[in-house]
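Asks: give me coordinates for this.
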Amino acid sequence: MKSMTLAMNRPSPDPSQEGSLRSSLSSPPGRGKGWVQGLNCMCKSERRLALSRRQFIRTGGAALAAAALTTRLEAGYTKLKIGAPDWNLKLEAKPASIELAKRIGFDGVQISLGHSADPKNPPARLPVSAPDLLDQFLAEAKKNQLPIASTCVEILHRNYLKNDPLGKQWVAESIPLTSKLGARVILLPFFGKGALQTRAEMEYVGDFLKEIGPEAEKTGVILGLENTISAEDNARILDRAHSKAVLVYYDVGNSFNNGFDIYKEIGWLGKDRICEFHLKDNPNLIGQGKIDFPKVIRAIVETGFSGWAQLETVAPSGDVSKDMKTNLDFVRGLLAKA
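Replies: As a prediction, this is how the structure comes out:
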């Protein structure tokens, strides 16, 4: 670039000095005419180099911009990470679930905090809190470089939070335990005989969550409500609890099967009232049942939600790894297009 600039700024030769100019370009002592030809070639070469630099800047910049655009298109919506519940991996409350989730290709795993083998004899503590088992979970997560995204107080299927004092104990224990596991969300299930059916039951749960909420806030975890009631009823519980640590754990399969408009509910609750998702359309593979999953993903993306969705899916073929991978690939395909 410098050689061209100098050439453009050089003054025109004076005709009276033409002879001296020729003389200055003649071969110096000891050099032949080839020296002048070589000088001309060097100037042409520098001009070509200067042009090639400009061309490189133009074409190279365009190529980089195209590559960046391609990367964005391939990445799609990257705020949603996909995990798998250990019970759907058929390894409930077992550290081996982490390695299997990693092998299938998930971003993380959701684990059950366990329950006793005999429903009539509850454990003294949540089983995963046993030091040896807790250490195994942490070691597997580190070895596989796979996070434990969330936990589930599975034992609430037996000791219902709406009316059993033991349910309150399990929730209280789950808060520090989930923190030790490096997870952020705790799923609190309300199903079967433990389902919330009356306004009084909802208010009772809301009042308890108001009491326990500050402890969850201090610990840095979220209590997520998964149930069979509407988005509006869930919002009433959240309002009653009045804690930023109490949110909705939205299960698209449960809500769809209970007759709710899941596409509208996701948008209505929004990213600020949902802590995590369960995606499923059991007993089918995702995308092969009644739920419009492209529409579900669009609804999630439109909220700007950032966090986890767990594939709580069964295995129609009987091959857990194969069917989980099929569901995972389908959901990731939708996210790539979002």
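Asks: which strands and helices lie in contact with the helix or strand harbouring residue 133?
Replies: Here residue 133 sits within helix 131-144, counting by DSSP states H and E. Judged by 3 or more CB pairs under 8 Å, 6 or more residues apart in numbering; DSSP states H and E, helix 131-144 is in contact with helix 96-104, helix 165-180. C-beta here means a position set from N, CA and C on the backbone, and glycine is covered the same way.
Asks: run the chain-centre distance for the longest one.
Replies: Right, the one you point to is helix 165-180. Remark: helix 165-180 is offset 26 Å from the chain centroid, using CA atoms, centre = their mean, to the nearest Å.
Asks: got the buried residues for it?
Replies: Buried residues in helix 165-180, counted by 16 or more other CB atoms under 10 Å: 167, 170-171, 173-175, 177-179.
Asks: turn those residues into CSV, columns for distance to residue 330.
Replies: Listed next are those as CSV, based on distance: CB to CB, whole Å:
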residue, distance to residue 330
167, 36
170, 34
171, 34
173, 36
174, 31
175, 34
177, 33
178, 29
179, 33
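Asks: which one of those residues is nearest residue 223?
Replies: Nearest to residue 223, judged by CB to CB, of the buried residues of helix 165-180 is residue 171 at 7.1 Å.
Asks: among the helices and strands packed on helix 131-144, which comes closest to residue 241?
Replies: For residue 241, the closest of the helices and strands packed on helix 131-144 is helix 165-180, at 12.2 Å, according to CB to CB.
Asks: what's the following helix or strand after that closest one?
Replies: In N-to-C order, the element after helix 165-180 by DSSP H and E is strand 185-189.
Asks: residues making contact with that following strand?
Replies: Contacts of strand 185-189 with the rest of the structure, by CB atoms under 8 Å, 6 or more residues apart in numbering, involve 110, 149-154, 156-157, 161, 171, 174-175, 178, 216, 221-227, 249, 275-276, 307-308.
Asks: in helices, which of the residues you listed fall?
Replies: Counting by DSSP state H, the contacts of strand 185-189 place 171, 174-175, 178, 216 in helices.
Asks: any idea how far the residue nearest to residue 78 when sequence neighbours are not counted lies from residue 276?
Replies: Distances taken as CB to CB, 6 or more residues apart in numbering put residue 335 closest to residue 78, at 7.8 Å, once the chain neighbours are dropped. Distance, residue 335 to residue 276, using CB to CB, to the nearest Å: 16 Å.
Asks: who has more neighbours out of those two?
Replies: residue 276 (26 against 20; other CB atoms under 10 Å).
Asks: for the more buried one, list each beta-bridge partner.
Replies: residue 249 (DSSP bridges).
Asks: okay, and the residue nearest to residue 78 sits in which element?
Replies: helix 320-337.
Asks: over to residue 202?
Replies: Take DSSP H and E as the rule and residue 202 turns out to sit in helix 199-219.
Asks: average pLDDT for that helix?
Replies: When pLDDT is averaged over helix 199-219, the result is 98.
Asks: what does stretch 316-334 give?
Replies: The average pLDDT within stretch 316-334 is 98.
Asks: alpha carbons of that stretch, as CSV, please.
Replies: The C-alpha coordinates for stretch 316-334 follow below in CSV (Å, rounded to 0.1, in the frame of the first residue of the first chain):
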residue,chain,number,x,y,z
PRO,A,316,-42.4,-46.9,23.4
SER,A,317,-39.9,-49.3,21.8
GLY,A,318,-38.6,-50.5,25.2
ASP,A,319,-35.1,-49.2,24.4
VAL,A,320,-34.6,-46.3,26.7
SER,A,321,-31.4,-45.0,25.2
LYS,A,322,-32.7,-45.2,21.6
ASP,A,323,-36.0,-43.5,22.3
MET,A,324,-34.5,-40.9,24.6
LYS,A,325,-32.0,-40.0,21.8
THR,A,326,-34.8,-39.8,19.2
ASN,A,327,-36.8,-37.4,21.4
LEU,A,328,-33.6,-35.4,22.2
ASP,A,329,-32.7,-35.0,18.5
PHE,A,330,-36.3,-34.0,17.7
VAL,A,331,-36.4,-31.2,20.3
ARG,A,332,-32.9,-30.0,19.4
GLY,A,333,-34.0,-29.9,15.8
LEU,A,334,-36.9,-27.6,16.7
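Asks: can you tell me what sits against that stretch?
Replies: With CB under 8 Å, 6+ apart as the test, stretch 316-334 has contacts from 82, 84, 88-90, 100, 103-106, 279, 283-287, 293-294, 297, 309, 311, 313-315.
Asks: in helices, which of those fall?
Replies: Going by DSSP H, the helices hold 100, 103-104, 293-294, 297 from these.
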